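Visitor: the following comprises the amino acid sequence and a computationally predicted model.
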Protein chains: 2
Amino acid sequence: MGEQDQAAAVEAVREVVMRTEAAISAPLAELGLTTATAQALWVLDPHEEPPSMKVVAGRLYCNAPNLSFVADQLAARGLVERVPDPHDRRSRALVLTDKGRQVRSEVLRIVVECSPLSVLGPDDLAALLSILDKARSGP
Amino acid sequence: MGEQDQAAAVEAVREVVMRTEAAISAPLAELGLTTATAQALWVLDPHEEPPSMKVVAGRLYCNAPNLSFVADQLAARGLVERVPDPHDRRSRALVLTDKGRQVRSEVLRIVVECSPLSVLGPDDLAALLSILDKARSGP
DNA sequence: TCCAATCGTTCGAGTCTCGAAGTATCTTGG
DNA sequence: CCAAGATACTTCGAGACTCGAACGATTGGA
């Protein structure tokens, strides 16, 4: 019985993501972004120490060649820069440029505005986060 | 402030979906399926009246050419059949074959087993479903 | 009847993703 | 110190997915 609930939950989560992507694709296109490039921008927090390519690839659940491809696009648009790590010259950190920080905040605004989750109140959002954090911390 | 929570919630939902896809890709490959074909199989409920291509495309948030492409793959594997609608000969319904029903149940089993949501208890699952249904019924 | 709208398909192009191979660098055991 | 293996990233080539445009078949309304 619980398996049916779980399948329904997976389906619900999937649908929310699909609807979000469908809703944000047009506004992102006006910024010259796709969902792939926008997600890469998303996981670059301006307040943290610039993460290496490997770390970013991990956050995006993609492999190194894929991230190189996406990083090239962001770099071509002047949104990120590859800066060598002084402690390990094999490694390169992805750093947001000024324009990158600005566009990233636009991405966040668009996502927050277009996501189906925008209809939820603060209590529901907090409960949702609490539950999903349990799932994320699991394996 | 609520915008930060909402951004975090969108991020959490995205991560759950990414982790699910990463976890199921290998088992699905053994069935000769990709995430795209598996999702199409997923939305074909054996107990309902076979839906038209247009309806299925809507469920997958994709357009008609894309669904034709995916349906071709499922048909080539003998998992679905296109049957003409007697009332509207332009329309074709996607019907699961016997093998299709069997493989679809395997897909459900894999997803339920591999999803990060599998660590959640019945109460959390029910709460999660309740909240996401609010978001889904919104727009 | 005629014409616009709908359903599905085909075609071509573009984007995304990945495995394999290569380069540069680091690290470890001897 | 140095050679061998491991690591970080890139490039290349192929495959999978998605979409817009154009087309044929069918439907339904003026």
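Guide: On my side now, so go ahead.
Visitor: and the helices in chain A?
Guide: Counting by DSSP state H, one finds helices in chain A at the ranges A:2-30, A:35-42, A:53-60, A:64-76, A:98-114, A:122-137.
Visitor: out of those helices, deepest packed?
Guide: helix A:35-42 (a mean of 21; mean count of other CB atoms under 10 Å in any protein chain shown). Any C-beta I mention is one placed from the backbone N, CA and C, and that applies to glycine too.
Visitor: need the CA coordinates for that helix. CSV is fine.
Guide: Taking Å, rounded to 0.1, in the frame of the first residue of the first chain, the C-alpha atoms of helix A:35-42 are listed here in CSV:
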residue,chain,number,x,y,z
THR,A,35,17.4,25.2,-18.3
ALA,A,36,20.9,23.6,-18.4
THR,A,37,22.8,26.9,-18.2
ALA,A,38,20.3,28.4,-15.8
GLN,A,39,20.7,25.4,-13.4
ALA,A,40,24.5,25.8,-13.6
LEU,A,41,24.1,29.4,-12.7
TRP,A,42,21.7,28.5,-9.9
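Visitor: so how far is that helix off the chain centroid?
Guide: How far helix A:35-42 lies from its chain's middle: 5 Å, per CA atoms, centre = their mean, to the nearest Å.
Visitor: now stretch A:84-96
Guide: Worked out by CA atoms, centre = their mean, stretch A:84-96 lies 21 Å from the chain centre.
Visitor: who touches it?
Guide: Stretch A:84-96 is contacted by residues A:41, A:44, A:46, A:49-54, A:56, A:71, A:74, A:79-83, A:104 when judged by CB atoms under 8 Å, 6 or more residues apart in numbering or on different chains.
Visitor: for the helices of chain A, give me TSV that also has distance to A:Asp88.
Guide: Formatted as TSV, these follow (distance: least, CB to CB, whole Å):
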stretch	distance to A:Asp88
helix A:2-30	33
helix A:35-42	22
helix A:53-60	11
helix A:64-76	15
helix A:98-114	23
helix A:122-137	29
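Visitor: now these as a markdown table including mean pLDDT?
Guide: Shown next, in a markdown table, are these (pLDDT from 0 to 100):
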| stretch | mean pLDDT |
| --- | --- |
| helix A:2-30 | 94 |
| helix A:35-42 | 98 |
| helix A:53-60 | 98 |
| helix A:64-76 | 98 |
| helix A:98-114 | 97 |
| helix A:122-137 | 95 |
